Structure formats: C-alpha cells, structure tokens
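Asks: structural data only, the sequence is not supplied:
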RNA sequence: CGGGACGUGGCGCAGUCCGGUAGCGCACUACACUGGGGGUGUAGGGGUCGGAGGUUCGAAUCCUCUCGUCCCGACCA
C-alpha cells in the first residue's frame, strides 16, 4: 500500500533481530571489534551514551551521591568472601594471572612463567566486594552513615552469547553503592534509586518502564531483594533496563562493614547497590527505532537539530552565503531552551552530497533535519523535516517551509513535542500489548503459541511460591520461553487464584519473553 | 558451551561441489551533464579471498587447526 522508499533494507516486521543490527550499523552507532563479545562504540552511539551519563549523573548527584573510582582488578581472595556472589559470577570471569610477556622463540608473545601473579586478579564483573572493603575501612561510627557513592566504569562478564549493546562481554555502566544504618533506611534507598531509574528512563530516554521487584530466582547474587525497571521492546519482548538491590548485611558480614551505634554497640551496615548500563542504548533502539533507522529522543540526542546547507560547488560566494544563513539559524537556536537545556544544533559542513547526508541523519535519528538551499535563502525560509513524522501522504519526505525566524521560534517546542510523542507512542504500544485476562496455564500456552511473533506481556496472579515450588514454576515457564519479569509496585491482586498453583493469589506478576 | 550457517575491496554478494592466479552491485575518486531533493554518463582507484599450517607444478576452491560473526538451545544484565 505504501510507495515509501525506506532508509533501511530490513523492516522490523520481517526480521526484528536483523533490523536491530542494521539500525546499529546504518546509524553508525557501533561496530564489531574483532575481540569476542566486545564492540567499538562510535561517536553517534557514544554521544547518546554521554547524554544518558550526563543526565543520570545529575540525578544521582541530586540524591546525595559522590562519584569515585575503584580498581578494575579485584584480588581473587577479596572476591571469594560472599558465597552466593562468587557462585553467581564465577563462571563468567576474566582472570589476570601474569604481569609480563616474553617471546617464545617463534616470534610469538606468551605470558612469562616467571611473572606469574602470586594471587590472580579478576576483572570486575561488578564492584560490591572491593567497594565493601573500602566501606569497612571508611565507616567507624553512625556519624559516617549513610555512605553514598557511585562510580562510572567498565565491567567484564564473559558472556556465551553476545548482542551489541544488549549483552556484551565488556560494557559501560554506573554502579552505585551505599551503606546505611538499618534495614528500613537501606530498603527505602533501594526504592529511591529505582525511582531515579524510572524517571531517567521515562523522562530522558522516553522509554516507558514498569518498576517492580524481581522474583527470588532472578535476584542478583548476594542480594536480599532485587528490583528492576522493565521496558517492552517493539517485538513484545521485555528488557531489564536497570536494577536496584537491597543487599541486607550479606556484604557487610563478608567485608566487615560495621559501625558503632549511638548506644556504643557494633552493628552491621545494611548496603545497597544499583546500576544501569549501555544496555539502555539497545532499549532506545528497540523502543524508538523504525523502518528508517533510529529515532533519538531529543533529550538524549547529541544533536537535536542538524542543519544541512545544500551546496552546489559551483559558486563559492553563493555557497558561502548559504553556510552563513545556516550558521545564523544555528546561532538563533542555541539561544533557545528546550527540554530544560540549550538547543543542540549543528551545521553539517562535511563534504558529500546533501541528499545523501540527509538520509544519513535520518538513519541516525536526529530529531530535526533542516535543509537550506539557495531558493530557501532567497525566500527567507528553511526546509524542515521531523524525524517523528518523516513521510507525507505522497510517500515523499514531509518537508515544511517556515521562515527562518519562525523555525527558530518553533523548533524548541517541536523538540519537546517529539520527546512527549515518542514516550506516549511507546507507552500506548506497551499498554496495548499487556494481556490480563489469562487465568490458566493452558490459556497461557495457547496465547503464546497463537501469538508467536509479537506476544507482548501477560499479567497474571500468583501465590508467590518459593524454593522448589518456584523452581517448578520457572521450569513450566521456560518451556514456553517465558520468564517472570517483576512484581509491579502498588498492584493488588484481583480475586483470581494463582495461575501456577491454584492457591490464593497474593501478587500480580508480569510474564514475558525477554532479552 | 552444544547444534546449524557463514567469513571474498568500505558494504552486500557471486565464484568453492569439479584447483589454473578474482568478479558483480552499491559506495569511493576524477571529469562532464543535472540542479529542490536518495540524479545520469564516462573514466578510474581499491581485495595476497578471516588467520596459521598442510596437500599440489599450481589453492578463494581440497585437508587440519584456529579466530570471529549470525541463528537456535543452555547460561546470564
């Protein structure tokens, strides 16, 4: 029905996984590195990450945390202290055993047997243990609490199967670590940071999420409670986009994080940790991308407005005049505020044909592209293209031609409109793909068999089984490739019985296929 | 880590079965035409065929090993 010539070759509906990869390469976000499971993040992808970093960093600082940096290497013995934690991570660790290389006589470099480390170092998969060590040194009295820290770092988890941004062996993240006087305060803080993640995801990334508690079997190794924000991707799968853990006294016991309370007694701290990673970028792609590439929400777009001078290369003076005209629009825009910040506008003066450059920016998902040719300039207008409303009825790019002054005035509001629109579109799509009228395992099985391609999520009632009973539920779900995502906050069960056990339900849970 | 597919100029591919010294499309460079929209033509540049070893007079092609990618499982953020 459509004669649109899309900017990508693969459509979401035809092959979502292939589409995802095409977006990443077509938008020039990242590429394979030749190192197993590791990627090169290119300027456009990293620029988006820097925006996320900047905005989340503000939110983390606003909630009273200081940034710091701990070593990438953790002594093995240090890592061994918390039993569940070790068990959880042991099978995916990179280990450093030598500190020198020598040539083996065949022109190859090999680790020098003479330079073997007395104690191997593990490359951090997360930093609870080494930060716990520091907390134990730094905390003496109740006056030292709460201790609230954050670090931006890379971590390594030796993954069997990797996907760009979603699961890479090395990834970038922030990890927050706090120590508190008592369970209540620590739990409250766990939820406060979950709320920080929710607001960052929804307000900054325009990615709707459901915040809730993970079931027992999905807990972080060593945690007492694990909470998450879960986002629905356009193929109906769930993406865990951030986690916040209440660690109880597990790590305090292991590392000796103690304080003297007001009564003079020694007490263990209750700790928390929480993180979001470059996986968020994968979430943005699969939430907002379309058949023309990425669509970056204006708040996290490195450039919100890309101005393309259409140069002929024939008449230097004429071309220079067009560039000046573009620069003057950029100057006007930079004096304006959108989404609480100065508008980020750039004039793309790179070589290359203007039309090709336009499609590159469409694929990258710049929210607004403004083209300026000699006729625009003569008429005092610009040609404005919105990434969220790319195509006109005719099947051609839907250019608008406001005057330069009008464009400068309207663009800040348009950007805010795009931000809101991307969010509401994603939220409506998610809500439309949550099914709530499934009461039995048979119905659940039927539902996922009938909707193999875009099944979405199912909300069911459950009795919150634990231990072996929960294992059974997990196995049942696994047969359908399903997982329990989380237990949404403030959601009372209705009066249906538990879908798994038939007992009285105590909670609602989301069940979905997941990344 | 199991099962499958694959790796050939920047990208997408043909050639591999049946060994004879590498080709197509897009992109790129130059020139010309064109000029409000992903343009056309002509002429060019670029690859020791993922890597190592082997068989052979000769290997992209056959054999062995290895690295990497994708899909499906298991595992996990």
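Replies: Here it is on my side, so go on. Being a predicted model, the structure only gives us computed values, none of them experimental.
Asks: and the biggest helix by length in chain A, what does it pack onto?
Replies: The residue-count maximum for a helix in chain A (DSSP state H) belongs to helix A:404-432. Judged by 3 or more Cβ pairs under 8 Å, 6 or more residues apart in numbering; DSSP states H and E, helix A:404-432 is in contact with strand A:225-232, helix A:279-288, helix A:316-334, strand A:337-338, strand A:368-372, strand A:383-386. C-beta: built from backbone N, CA, C; applies to glycine.
Asks: swap the cut-off to 6 Å and go again
Replies: Contact here means 3 or more Cβ pairs under 6 Å, 6 or more residues apart in numbering; DSSP states H and E; on that basis helix A:404-432 packs against helix A:316-334, strand A:337-338.
Asks: so for it, what gets flagged as buried?
Replies: A:404, A:407-408, A:410-412, A:414-419, A:421-423, A:425-427, A:429-430 (16 or more other Cβ atoms under 10 Å).
Asks: what does stretch A:47-57 give?
Replies: For stretch A:47-57, by 16+ other Cβ under 10 Å, it's A:47-49, A:51-53, A:55-56.
Asks: for the record, mean pLDDT for it?
Replies: Averaging pLDDT along stretch A:47-57 yields 97.
Asks: centre of the chain to it, how far?
Replies: Distance of stretch A:47-57 from the chain centroid (Cα atoms, centre = their mean, to the nearest Å) equals 10 Å.
Asks: hmm, who's touching it?
Replies: Identification of contacts with stretch A:47-57 by Cβ atoms under 6 Å, 6 or more residues apart in numbering yields A:200, A:204, A:278, A:280-281, A:300, A:302.
Asks: spell out which residues of the stretch 201-350 of chain A are next to RNA strand B.
Replies: A:218, A:220-221, A:240, A:243, A:277, A:279, A:310, A:312-314 (Cβ under 7 Å from any atom of the strand).
Asks: are any of those residues buried, and if so which?
Replies: A:218, A:220-221, A:240, A:243, A:277, A:279, A:310.
Asks: save these as a markdown table, and put in pLDDT and secondary structure too.
Replies: Shown next, in a markdown table, are those (pLDDT from 0 to 100; DSSP: H, G, I helix; E, B strand; the rest coil):
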| residue | pLDDT | secondary structure |
| --- | --- | --- |
| A:218 | 91 | helix |
| A:220 | 93 | coil |
| A:221 | 91 | coil |
| A:240 | 94 | strand |
| A:243 | 96 | strand |
| A:277 | 94 | strand |
| A:279 | 94 | helix |
| A:310 | 88 | coil |
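Asks: spatially central residue for chain A, please.
Replies: residue A:280 (1.0 Å; Cα atoms, centre = their mean).
Asks: and stretch A:331-339, how far apart are its ends?
Replies: For stretch A:331-339, the first-to-last residue distance is 18 Å (Cα to Cα, to the nearest Å).
Asks: check for me that residue A:461 belongs to a strand.
Replies: Yes: remark: residue A:461 belongs to a strand, assigned using DSSP: H, G, I helix; E, B strand; the rest coil.
Asks: closest to residue A:332 among the buried ones among the residues of the stretch 201-350 of chain A next to RNA strand B?
Replies: Nearest to residue A:332 out of these is residue A:310 (Cβ to Cβ; 19.2 Å).
Asks: Three-state assignment for the residue of the stretch 251-400 of chain A found nearest RNA strand B, please.
Replies: Closest approach between the stretch 251-400 of chain A and RNA strand B, counting by Cβ to the nearest atom of the strand: residue A:375, at 2.5 Å. Applying three-state DSSP to residue A:375 yields a three-state assignment of helix.
Asks: what about it, neighbour count?
Replies: 11 (other Cβ atoms under 10 Å).
Asks: how near is it to residue A:352?
Replies: 21 Å (Cβ to Cβ, to the nearest Å).
Asks: next one: residue A:443
Replies: For residue A:443, the distance to residue A:352 - Cβ to Cβ - is 55 Å.
Asks: residue A:286 now?
Replies: According to Cβ to Cβ, residue A:286 stands 29 Å off from residue A:352.
Asks: who are the packing partners of the helix or strand where residue A:148 lies?
Replies: Per DSSP states H and E: residue A:148 is located in strand A:147-156. Packing contacts for strand A:147-156, counted by 3+ Cβ pairs under 6 Å, 6+ apart, involve strand A:170-180.
Asks: near RNA strand B, anything from the strand it packs on?
Replies: Yes: against RNA strand B, strand A:170-180 shows contacts by Cβ under 7 Å from any atom of the strand at residue A:171.
Asks: so what are the sheet partners of that strand and their directions?
Replies: Paired neighbours of strand A:170-180 in the sheet (DSSP bridges): strand A:147-156 (antiparallel), strand A:270-277 (antiparallel).
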